[in-house]
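[1] Need coordinates for the following:
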Amino acid sequence: MLRTMRQNAKSWVVKLTFFIIIVVFSFWGVGTMKSRQHDEVARVNGSVITRQEFTRYYQQLLERYQQQLKDRFTPELAKQIKEQAVSALIDRQLALEYAQKNGIAVSDDELRRHISGMAAFRHNGSFDPEVYRQLLSMNRLTPAAFEADVRTDLMLERLNRIITIGGMAPTAEIAAAVRRAGEKIAISFIRIEPETFTGEVTVADGVLDTFYAENQETFRVPERRRIAAMVVDAADLKADVTVADADIQAYYDDHLGDYFVPEEVQASHILIKAEEKDPPEVWEQARGEAAALLVRIGQGEDFAALAKAHSNCPSAVRGGDLGWFKRGMMVKSFEDVAFALEPGAVTSEPVRTPFGYHLIRVVDHRQPRTMEMAEVREEIVTALTNEQLPGLVNDRLDVIQAEIGEVNRDSFVEKAGSRPEKLVESEWFARDEEIGGIGRDRKLAETVFSTAAGTLRRMVNPQGPSYLFMVTDVKESHIPPFDESLQPQVAAAYKLREARILARQKGSDMIAALEAGKMLTEVAQENHLKVEETPLFARGGGFVPRLGADADLSRRLFVLEGDDPVYPEPIEYQNIFLVARLEKREFDESNAGAEVEERAGGQAAGYRRYQRLEEFGNWLRQGAEIDISPDLFES
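    Just a heads-up that it's a prediction; the model follows:
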């Protein structure tokens, strides 16, 4: 039954679009589990966004980007996605508050009609109250909690519509969107590294004094501190945790939905490729090839060998093996056949999908089931143990603090040193530096730098080391005097600044030479540099081959035209300068027709709606009190 609910999820999930991304709050998602998790990631005008809410939505975004970018996905993007996720949840909370304050409501009748229309709760064409209660129970929800969440989503959807009324794009915008959607360009470029010009910079008498006086803040020494810290590691306390069998059973019963394993199929296939834009005769030829292979399989030829020799899918190298997949992971026409076949069986005729014709062989088939408690017992014990650890850590710190009594800077180190717990006495460190003997711990550093010297304080981390610490010394932030010890640093900074000016000027000179008729290769040779070229790349992907993922750079390059192929100024990019020239611009003619125009019109209108939502969101944030947990972006 839960499997059925998941298969039909898309028919009833309410989506709220804010700032391009779509926040999806399904009824097993965020908002309904706050009583289970009190770990905050943010507060918005006093309302809490829990770590569970954040984690669920962050994982949705993360998976979406990983699927889209594949091997272009980087750890830096993961951090940006975290920022995007918490920003979206903040925007949702602000919008909810606005809707509630301004009388945007959903009546009981509207709510009843919406829920009764959800496919997940219908049986034999009509709403089934028993199915409704069973599905909510399986997901550990009460009708009241679920209905409150749905009412909230409908309220926000209504607010969304109110804000974006009149978002239709004019014909000219649609035409421009159609063209942009099919555009690809290739560029050639020269990299100019400022560091290579530092040797050309001369340092005249007195210039460093002037440079330092004008840029003193650049050389400010940050505040530094030293601490003495007693370490209590949560891992060392796990042996003190006891988990009763009754608690394990209760946890299992309360989390049955988490242990549901959906139906899965392991299959192989042979694909004879055809594309939807291809004429009927191409499709007929593909079907004929697939049918001929099916005959050979029926005569006893090896399916895997035929897949390696004839399949147009990357899985051909594995004999067509697709591994295990759940419902919803393949296109429906492929999935319906695969899940209907018995293990060992091959399709009786070629199966058409948007990718061509397939021959499918099912290797194995797992029915949906709920894992037995014995299978997940160890996982449950770990979860229950981790729930107890924060309390155990605080208890241990309470005992230590009571036993050492009143202390000052000297006596704390003396008393801590005589105890069995590890004592760390750090060297000087700044807020963003590693702490000697501990390592990089952003949460501890933030706590240290908000604590007065000589004050005993704790920092609890239930998943790792916790600390009872005292700030023993403080060096205030200051601007150092310009003396001989600082001169090399000031000279290096001055030379780099002047080198960047020279590099930019060199780029401008190169552009002037190109505009005067010289070839890019000729300009590069004259300056002992090389020309690099990109393959064709699409607009909107935010990725420039040979350079990396940078949406702003991509947008700037797409302004280049055939009549004016050279970018008019050196492009500053990641501490270098680029001289860029358009080499090729293509328009995919297949990206035309009524269907594409309709899609482009929707995109243009969507952008207009996005602009309105962005303006509204910025307005809401202006007067809001928003506090984001400092440790959110640590990992």
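[2] Check the gap between Asp631 and Met459 for me.
    Asp631 sits 10 Å away from Met459, going by CB to CB, to the nearest Å. No exception for glycine: its C-beta is placed from N, CA and C like everyone else's.
[3] Now do the shared contacts for these two.
    Lys443 (CB atoms under 8 Å, 6 or more residues apart in numbering).
[4] what about those two, which has more around it?
    Using other CB atoms under 10 Å as the criterion, Asp631 and Met459 rank with Met459 on top: 19 against 15.
[5] surely that one meets Tyr467?
    Yes. Checked against CB atoms under 8 Å, the pair Met459 and Tyr467 is within contact range at 4.9 Å.
[6] Poorly predicted segments of the chain, please.
    Applying pLDDT under 70 to the chain picks out residues 1-38, 69-76, 123-125, 137-140, 162-182, 540-541, 588-611, 633-635.
[7] Spatially central residue for it, please.
    Nearest to the mean C-alpha position of the chain, by CA atoms, centre = their mean, lies Ile81 at 3.1 Å.
[8] which residues does it contact?
    Ile81 touches Tyr58, Leu61, Leu62, Tyr65, counting by CB under 8 Å, 6+ apart.
[9] doesn't Ile227 fall inside a strand?
    Yes. Counting by DSSP: H, G, I helix; E, B strand; the rest coil, Ile227 is found in a strand.
[10] got the contact list for it?
    Ile227 makes contact with Val424, Glu425, Ser426, Ile435, Val448, Phe469, Met470, Val471, Thr472, according to CB under 8 Å, 6+ apart.
[11] Flag every buried residue along the helix or strand that contains Phe577.
    In the assignment (DSSP states H and E), Phe577 maps to strand 576-587. By 16 or more other CB atoms under 10 Å, the buried positions in strand 576-587 come out as Ile576, Phe577, Leu578, Val579, Ala580, Arg581, Leu582, Glu583, Arg585.
[12] Return the closest of the residues you listed with respect to Ser107.
    Distance to Ser107, by CB to CB, is smallest for Arg585 among those, at 53.8 Å.
[13] nearest residue to that closest one other than its sequence neighbours?
    Ile185 (4.9 Å; CB to CB, 6 or more residues apart in numbering).
[14] Just say helix, strand or coil for that neighbour.
    In terms of secondary structure, Ile185 is strand; the call rests on three-state DSSP.
[15] Go ahead and confirm it touches Leu557.
    Yes. Counting by CB under 8 Å, Ile185 does reach Leu557; the two are 6.6 Å apart.
[16] any idea which residue of the protein is furthest from its center?
    Among residues of the chain, the one most distant from the C-alpha centroid is Asp205; the distance is 51.3 Å, by CA atoms, centre = their mean.
[17] looking at this, it is in a strand?
    No. The assignment for Asp205, made by three-state DSSP, is coil rather than a strand.
[18] All the strands of the stretch 201-350 of the chain, in order from the start?
    224-233, 260-261, 264-273, 321-326 (DSSP state E, counting those that start in this stretch).
[19] Any idea which of these gets closest to Val150?
    Val150 lies closest to strand 260-261 among the strands of the stretch 201-350 of the chain, at 22.0 Å (CB to CB).
[20] Relative to the closest one, what are the paired strands and their orientations?
    strand 369-370 (antiparallel) (DSSP bridges).
[21] I'd like the distance between Glu372 and Val261.
    11 Å.
[22] ditto for Leu389
    Applying CB to CB to Leu389 and Val261 gives a distance of 29 Å.
[23] The residue nearest to the centre of the chain sits in which helix or strand?
    With DSSP H and E as the test, Ile81 turns up in helix 75-101.
[24] go on, Glu522?
    In the assignment (DSSP H and E), Glu522 maps to helix 520-526.
[25] what about that helix, distance to the chain center?
    Centroid displacement of helix 520-526 relative to its chain, using CA atoms, centre = their mean, to the nearest Å, is 41 Å.
[26] ok, then the element right after that helix?
    strand 531-533.
[27] Run through the strands of the stretch 401-550 of the chain in chain order.
    All strands of the stretch 401-550 of the chain, identified by DSSP E, counting those that start in this stretch, fall at 422-425, 429-430, 456-459, 465-475, 531-533, 537-538, 543-544, 548-549.
[28] Give me the buried entries from the contacts of Ile227.
    By 16+ other CB under 10 Å, those give Val424, Ser426, Ile435, Val448, Phe469, Met470, Val471, Thr472 as buried.
[29] Can you tell me which of those is nearest Arg504?
    Ile435 (39.8 Å).
[30] show me the contacts for that closest one.
    Counting by CB under 8 Å, 6+ apart, Ile435 touches Ile227, Val424, Ser426, Phe429, Asp441, Leu444, Ala445, Val448.
[31] what pairs with the residue lying closest to the fifth one once chain neighbours are set aside across the strands?
    Spelled out, it's Asp441. In space, and not counting its chain neighbours, Asp441 is closest to Ile435: 6.2 Å by CB to CB, 6+ apart. As for beta bridges, Ile435 partners with Gly439 under DSSP bridges.
[32] Now do the contacts for Ile115.
    Phe121, Phe127, Tyr132, Glu147, Val150.
[33] Look up how far Pro390 lies from it.
    Relative to Pro390, Ile115 is positioned 38 Å away (CB to CB).
[34] picking up where we left off before, among Glu372 and Val261, which residue is more densely surrounded?
    Val261 (14 against 10).
[35] Surely the more buried one touches Glu375?
    No. With contact defined as CB under 8 Å, Val261 does not count as touching Glu375 (9.7 Å).
[36] Counting residues, name the longest helix you see in the chain.
    When the chain is parsed with DSSP state H, its longest helix is helix 373-404.
[37] So which elements touch that one?
    Helix 373-404 is packed against strand 224-233, helix 234-237, helix 245-254, helix 409-417, strand 456-459, strand 465-475, with contacts defined by 3 or more CB pairs under 8 Å, 6 or more residues apart in numbering; DSSP states H and E.
[38] For the last one, name the packing helices and strands.
    Of the remaining helices and strands, those touching strand 465-475 by 3+ CB pairs under 8 Å, 6+ apart are strand 224-233, helix 373-404, helix 409-417, helix 442-448, strand 456-459.
[39] Need the residues that contact that strand.
    For strand 465-475, using CB under 8 Å, 6+ apart, the contacting residues are 221, 223-234, 393, 397, 400-401, 407, 409, 412-413, 425, 428, 438, 441, 444, 448, 451-460.
[40] Could you tell me which of the residues you listed count as buried?
    Buried subset of the contacts of strand 465-475 (neighbour count, 16+ other CB under 10 Å): 224-232, 234, 393, 397, 400, 407, 409, 412, 438, 441, 444, 448, 451, 456-460.
[41] Could you tell me how many residues sit around Ala286?
    Around Ala286 there are 22 residues (other CB under 10 Å).
[42] returning to what we had before: could I get the buried residue list for the helix holding Glu522?
    Applying 16+ other CB under 10 Å to helix 520-526 flags Leu520, Val523, Ala524 as buried.
[43] same deal with stretch 274-292?
    For stretch 274-292, by 16+ other CB under 10 Å, it's Ala274, Trp283, Ala286, Arg287, Glu289, Ala290.
[44] ditto for stretch 42-49
    Under the neighbour-count criterion of 16+ other CB under 10 Å, stretch 42-49 has Ala42, Arg43, Val44, Val48, Ile49 buried.
[45] pretty sure the fourth one is in a strand, no?
    Yes. Val48 forms part of a strand when assessed by three-state DSSP.
[46] now it, nearest residue through space, not along the chain?
    Take Val48 and drop its neighbours on the chain: the residue closest to it by CB to CB, 6+ apart is Glu40, 5.1 Å away.
[47] follow-up on the earlier one: show me which of the contacts of Ile227 is closest to Phe325.
    Relative to Phe325, the closest of those is Ile435; by CB to CB it sits at 46.5 Å.
[48] now that closest one: how far from Ile511?
    For Ile435 relative to Ile511 (CB to CB), the value is 48 Å.
[49] neighbouring contacts of stretch 306-323?
    Here stretch 306-323 makes contact (CB under 8 Å, 6+ apart) with 266-273, 289, 293, 296-297, 303-305, 356, 361, 363.
[50] and if we set it to 6 Å?
    Outside stretch 306-323, the residues that touch it by CB atoms under 6 Å, 6 or more residues apart in numbering are Ala267, Ser268, His269, Ile270, Leu271, Lys273, Leu293, Ala304.
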